[in-house]
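**Q** next comes the sequence, and after it the predicted model I'd like to discuss.
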Amino acid sequence: MTSVLLVDDHRLVRAGLAALLSGTEGVAVVGEAADGEDAVAQYTALRPDVVLMDLSMPVLDGVGATRRILAIDPAARVVVLTSFGDHHRVTEALSAGALGYLLKDCDPKDVVAAVRSVARGDVPIDPRVARALLPGAGGQRSDDALSARELQVLRLLARGQANKQIGRALGISERTVKVHVTNVFRRIGVSDRTSAAIWAHENLPPEQS
């Protein structure tokens with residue numbers, strides 16, 4: 001059973017999502033939150049498998065809430081569900097640690113598929129916002145869109161280290177490393193480790209000693 005925490009400041013949206021997911025086999029809605037602060041508190045108490053996270057909320061927005069949840073649990077699986085698909089919002093949310101990004105006008109079956117996908121460790125991204133992740137989109141350098149942890153993973157990958165070695169070096173699980181590697185590939189526009197290593201050597205500044 002995949003447990004889900006719903007985070008949205010609109011009660012009607014939460015009710016619709018709860019009805020959709022509660023009627024889905026193998027999925028259970030275990031909590032709801034109307035703002036980011038409440039989301040962090042409920043995640044801490046409930047430890048759901050997946051968080052469906054709105055971005056625009058009072059008290060603490062979805063990016064801030066995602067960042068705090070990942071600080072509590074680096075293995076947390078957050079899927080953003082929002083009306084905003086612009087480059088800045090997408091890269092900000094993913095850099096905060098979200099694993100997926102959907103738009104609210106997507107088909108309901110896509111929400112269900114995303115919950116199941118991210119629970120397996122995959123990275124569901126709405127095809128309509130995928131172009132915001134292309135290198136140079138929005139006038140921003142790709143390495144600027146990488147989080148600090150993703151930069152660490154990319155540097156170690158560029159040295160030829162396997163996921164297990166990277167996980168030991170950074171004190172995180174091999175599964176979490178795999179998620180970071182997938183995010184890195186998507187953000188810098190490559191599809192394999194060799195291309196990522198070449199990109200890192202050509203684009204990242206030397207590490208400070």
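**A** All right, it came through fine. Numbering: from 1, shown residues only.
**Q** run through who's touching stretch 72-80.
**A** The contact list for stretch 72-80, computed with CB atoms under 8 Å, 6 or more residues apart in numbering, reads 40, 43-44, 47, 49-55, 62, 66, 69-70, 93, 97-102, 114-115, 118-119, 121, 124, 172-173, 175-176. C-beta here means a position set from N, CA and C on the backbone, and glycine is covered the same way.
**Q** can you list contacts of stretch 102-112?
**A** Applying CB under 8 Å, 6+ apart, the contact partners of stretch 102-112 are 13, 17, 20-21, 24, 27, 52, 79-83, 85, 114, 124, 126, 128-129.
**Q** ramachandran coordinates for Val30?
**A** Dihedral pair for Val30: phi -100, psi -10, per degrees, to the nearest 10.
**Q** give me the pLDDT for it.
**A** Reading off the per-residue confidence, Val30 sits at a pLDDT of 97.
**Q** swap in the one 4 residues further on?
**A** Listed pLDDT for Ala34 reads 96.
**Q** now do Ala148
**A** Confidence at Ala148, expressed as pLDDT, is 81.
**Q** quick check: it vs Ala71, distance?
**A** Here Ala148 is placed at a distance of 12 Å from Ala71 (CB to CB, to the nearest Å).
**Q** ok, now Asp122?
**A** Distance from Asp122 to Ala71, counting by CB to CB: 23 Å.
**Q** thinking again about what came up before, between Ala148 and Ala71, which is the more surrounded one?
**A** Here Ala148 and Ala71 are compared on neighbour count by other CB atoms under 10 Å; more neighbours surround Ala71, at 12 against 8.
**Q** okay, now the domains of the chain?
**A** For the chain, automatic domain parsing gives the domain ranges 2-133, 137-203.
**Q** please work out which of those domains is packed deepest.
**A** Comparing these by mean neighbour count (mean count of other CB atoms under 10 Å), domain 2-133 comes out on top with a mean of 19.
**Q** now do it: distance to the chain's middle.
**A** With CA atoms, centre = their mean, to the nearest Å as the basis, the distance from the averaged C-alpha position of domain 2-133 to the chain average is 9 Å.
**Q** restricted to strands, list the contacts of stretch 72-80.
**A** Of the contacts of stretch 72-80, the ones assigned to strands by DSSP state E are 50-53, 100-102.
**Q** and of those residues, the nearest to Val7?
**A** Met53 (4.8 Å; CB to CB).
**Q** quick one: residues contacting the closest one.
**A** Met53 neighbours (CB under 8 Å, 6+ apart): 7, 39, 62, 65-66, 78-81, 98.
**Q** which single helix of this structure contains the most residues?
**A** When every helix of the chain is counted residue by residue (DSSP state H), the longest turns out to be helix 174-188.
**Q** got the CA positions of that helix in CSV?
**A** This file holds the C-alpha atoms of helix 174-188, laid out as CSV (Å, rounded to 0.1, in the frame of the first residue of the first chain):
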residue,chain,number,x,y,z
GLU,A,174,22.3,3.7,-3.4
ARG,A,175,18.6,4.3,-4.4
THR,A,176,18.9,8.0,-3.5
VAL,A,177,22.1,8.2,-5.6
LYS,A,178,20.2,6.7,-8.5
VAL,A,179,17.5,9.4,-8.1
HIS,A,180,20.1,12.2,-8.0
VAL,A,181,21.8,10.8,-11.1
THR,A,182,18.5,10.7,-13.0
ASN,A,183,17.9,14.3,-12.1
VAL,A,184,21.4,15.3,-13.1
PHE,A,185,21.0,13.6,-16.5
ARG,A,186,17.7,15.4,-17.2
ARG,A,187,19.0,18.8,-16.1
ILE,A,188,22.2,18.9,-18.1
